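Trainee: could you look at this predicted model? Sequence included:
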Amino acid sequence: MTNYEQEKELAALRALAYVEDKMIIGIGSGSTASHFIQFLGEKVREGLQVTGVPTSKETERLCTLLGIPLITTQIPEKIDLTVDGADEFDPYLRLIKGGGGYLLKEKLVASCSARTIIITDSRKQASVLGRTYALPIEVIPLMWSQIAKKLRDLGGEAKLRTLGTPPAPYWSENGNYILDCKFASIDQPERLAQELSRMNGVVEHGLFIGIADEVIMGENEGTRCFRVGSK
Ligand code: 5RP
């Protein structure tokens, strides 16, 4: 049986090799990013000097616990490296992100980064995006049902993300709702991304295109690196 936790750990460890002293590092969210944070924390304890830019409160808490110095009041214009997870990646390193609900800050931090490395287990590799995962879309709460209807016209089945019993809407850290929109497949991610960006009330969507420089995927006992154009 595949040990996905081990795959995440191996990918995270390999990403650690890209970290250099004095770097400003964007720090992703989710279970794979948490492995990276643990490794980074160990390095900081050993004397490595870095400053982290967390992509969520959850990441901020973990980094603080491990003594990783952080910038939390602003996203710096220049981040040297960002390491984050993903829900899916395709051969062109286009991603679906936002499973944890932090897509807005994750995209902002990655967009300010000179280099973005994505770390995943082997379940996240996809030939075509969207066949397995629903696409998270952060929306202004007052607009969610209108947007859900428009998504249906684009071939997507959008569900409002909820929490708890009885279910209550999930609030993003930015005070918005998240729609999880399932498509049979996302054959033209660039086109869909443009349509979503044009929709009134859409704050951000989980299609990350042209953002990842490299994906490090854990696979069984090792890792595989993907760059655009590599197999
Ligand atoms: C959070 C994200 C995560 O990176 C994504 O959901 C992957 O999470 P995990 O590493 O737990 O599988 O985009 O918004």
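Mentor: Yes, it's here.
Trainee: which stretches of the protein form helices?
Mentor: 4-16, 31-45, 57-65, 103-111, 144-153, 189-198 (DSSP state H).
Trainee: against residue 106, how distant is residue 179?
Mentor: As judged by C-beta to C-beta, to the nearest Å, residue 179 and residue 106 stand 17 Å apart. Any C-beta I mention is one placed from the backbone N, CA and C, and that applies to glycine too.
Trainee: which one's more surrounded, the two?
Mentor: More neighbours surround residue 106 than the other of residue 179 and residue 106, with 31 against 24 (other C-beta atoms under 10 Å).
Trainee: grab the nearest non-local neighbour of that one.
Mentor: Leaving aside its sequence neighbours, residue 106 sits nearest to residue 55 (C-beta to C-beta, 6 or more residues apart in numbering; 4.6 Å).
Trainee: that neighbour contacts residue 111, correct?
Mentor: No. Counting by C-beta atoms under 8 Å, residue 55 stays clear of residue 111, with 11.6 Å between them.
Trainee: more neighbours, those two?
Mentor: Using other C-beta under 10 Å as the criterion, residue 55 and residue 111 rank with residue 55 on top: 29 against 15.
Trainee: let me see the contact set for that one.
Mentor: By C-beta atoms under 8 Å, 6 or more residues apart in numbering, residue 55 lies in contact with 26, 27, 28, 29, 33, 84, 102, 105, 106, 109.
Trainee: one more pass at 6 Å, please.
Mentor: By C-beta atoms under 6 Å, 6 or more residues apart in numbering, the residues touching residue 55 are 28, 29, 102, 105, 106, 109.
Trainee: make CSV out of those and add distance to the ligand.
Mentor: Formatted as CSV, the contacts of residue 55 follow (distance: C-beta to the nearest ligand atom, whole Å):
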residue, distance to the ligand
28, 5
29, 5
102, 4
105, 9
106, 6
109, 11
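Trainee: nearest to residue 41, of those?
Mentor: residue 28 (14.5 Å; C-beta to C-beta).
Trainee: what residues does this structure put near the ligand?
Mentor: Residues of the chain lying close to the ligand by C-beta under 6 Å from any ligand atom are 28-33, 84-87, 97-103, 106.
Trainee: give me the PyMOL select line for these, limited to the buried ones.
Mentor: To isolate the buried members of the residues of the chain next to the ligand in PyMOL, using 16 or more other C-beta atoms under 10 Å:
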select buried, resi 28+29+30+32+33+84+85+86+87+97+98+99+100+101+102+103+106
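Trainee: which ones among the residues of the chain next to the ligand lie within strands?
Mentor: residue 84 (DSSP state E).
Trainee: so what's residue 62 closest to, chain neighbours aside?
Mentor: Using C-beta to C-beta, 6+ apart, the nearest residue to residue 62 is residue 37, at 5.2 Å.
Trainee: burial of that neighbour, as a residue count?
Mentor: When counting by other C-beta under 10 Å, one arrives at 23 neighbours for residue 37.
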